[in-house]
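*Asks:* prediction below, plus the sequence it came from.
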Amino acid sequence: MAQPPVATQTVEATPRVHELLQRLHAQSEAQEKSLSQTWFYLTRLASYFIWGTDWSSASDDHMRDKFVSLEEDKCQFMYLLARSIGARNIVEAGTSFGVSTIYLALAVGQNVADAKAITGKPVTGKVVGTEKEPTKVVKAREHWKQAGDEVEPWIEVREGDLRETLKVEEGMPDEIDMLLLDIWTPLALPALEIIKPRLRRGAIVLADNTGRAKPLYKDLLAYIHDPKNGFKTTTTPYSGGLEMAIYLPSA
Ligand SMILES: C[S@@+](CC[C@H](N)C(=O)[O-])C[C@H]1O[C@@H](n2cnc3c(N)ncnc32)[C@H](O)[C@@H]1O
């Protein structure tokens with residue numbers, strides 16, 4: 001008997017959402033495989049080593065119409081982690097066109113439903129997304145609308161620079177179960193530092209590309225490797241490396 005596609009075995013979602021995700025991942029992958037994108041990444045790394053510049057407004061201009069979505073296998077892994085720890089409050093640093101957000105919202109919606117069924121009490125949850133490009137926010141909202149009720153109601157997106165928007169207390173859950181750092185590398189540590197006081201014990205922090213972009217992540221890696229900051233961490237062997245850190249401060 002033919003096996004169903006891996007995505008449908010891993011991620012619980014209607015066929016409509018699976019089809020949407022397949023389409024969005026394919027668009028993102030096509031952009032990432034293009035010569036111009038490869039050239040962009042190479043020149044960025046070179047300018048870091050030669051001039052010490054990590055990011056520029058020209059980089060922002062280049063990236064404005066790019067998905068740069070977290071790859072499908074990493075998204076599936078992230079979804080499983082979120083389901084495993086019953087994450088109901090998740091922050092996403094870097095939302096772009098909202099692809100990874102769809103996985104996080106599926107997990108949150110399903111975890112909320114489970115918690116309600118088990119406790120018989122009202123339970124809430126949300127994904128707080130962040131995106132500084134207004135045109136990307138519009139597109140992301142379109143995608144979540146297409147995904148429908150399994151996804152859209154669980155997302156609050158904060159438009160603007162996350163160094164400001166994540167500090168807004170209103171609507172921010174007191175306890176965060178998971179933080180995805182899928183953001184330009186100089187912003188990864190600032191985002192973590194803002195959210196850290198809200199991380200619950202055992203919260204998971206994921207950061208993309210920490211192997212391939214290791215020099216650009218030196219601040220973040222130094223921080224999470226310093227035992228006094230309370231993280232246990234490993235670089236999982238997904239493409240480019242996906243950092244998985246668990247917040248376990250000493251009791
Ligand atoms: C790698 S992409 C996120 C991809 C997304 N997580 C996904 O898998 O679909 C990073 C995003 O962060 C956004 N970004 C960059 N600087 C930002 C800032 N200061 N505040 C909020 N968002 C920012 C970029 O515009 C870009 O869309």
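*Replies:* Looks like it came in fine. Fair warning: this is a prediction, and the values are worked out from it, not measured in the lab.
*Asks:* nearest residue to the middle of this structure?
*Replies:* residue 180 (3.7 Å; Cα atoms, centre = their mean).
*Asks:* doesn't residue 100 make contact with that one?
*Replies:* Yes - counting by Cβ atoms under 8 Å, residue 100 is a contact partner of residue 180 at 6.3 Å. Yep, even glycine has a C-beta here, placed from its N, CA and C like the rest.
*Asks:* mutual contacts of the two, please.
*Replies:* 70, 78, 92 (Cβ atoms under 8 Å, 6 or more residues apart in numbering).
*Asks:* spell out which parts of this protein neighbour the ligand.
*Replies:* Contacts of the chain with the ligand, taken as Cβ under 6 Å from any ligand atom, map to 68-70, 94-97, 99-100, 130-133, 136, 161-162, 182-184, 187.
*Asks:* give me the low-pLDDT residue ranges for the stretch 151-251 of the chain?
*Replies:* By pLDDT under 70, the stretch 151-251 of the chain contains no weakly predicted segment.
*Asks:* mind listing what's buried along the longest helix along the chain?
*Replies:* Taking DSSP state H as the criterion, the chain has its longest helix at helix 99-119. For helix 99-119, a neighbour-count test (16 or more other Cβ atoms under 10 Å) marks 99-112, 115 as buried.
*Asks:* again with stretch 126-137
*Replies:* 126-133, 136-137.
*Asks:* related to what we said a few turns ago, dump the shared contacts of residue 180 and residue 100 to TSV, plus pLDDT, secondary structure and distance to residue 210.
*Replies:* Converted to TSV, these look like this (pLDDT from 0 to 100; DSSP: H, G, I helix; E, B strand; the rest coil; distance: Cβ to Cβ, whole Å):
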residue	pLDDT	secondary structure	distance to residue 210
70	98	coil	13
78	98	helix	14
92	98	strand	17
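*Asks:* now the strands for the stretch 51-200 of the chain?
*Replies:* Ranges of strands within the stretch 51-200 of the chain are 89-93, 126-131, 155-159, 176-181, 199-208, based on DSSP state E, counting those that start in this stretch.
*Asks:* which outside residues touch the longest one?
*Replies:* What it means is strand 199-208. In contact with strand 199-208 (Cβ under 8 Å, 6+ apart) are residues 70, 74, 78, 81-82, 85, 87, 175-182, 188, 192, 217, 220, 224, 231, 240, 242-249.
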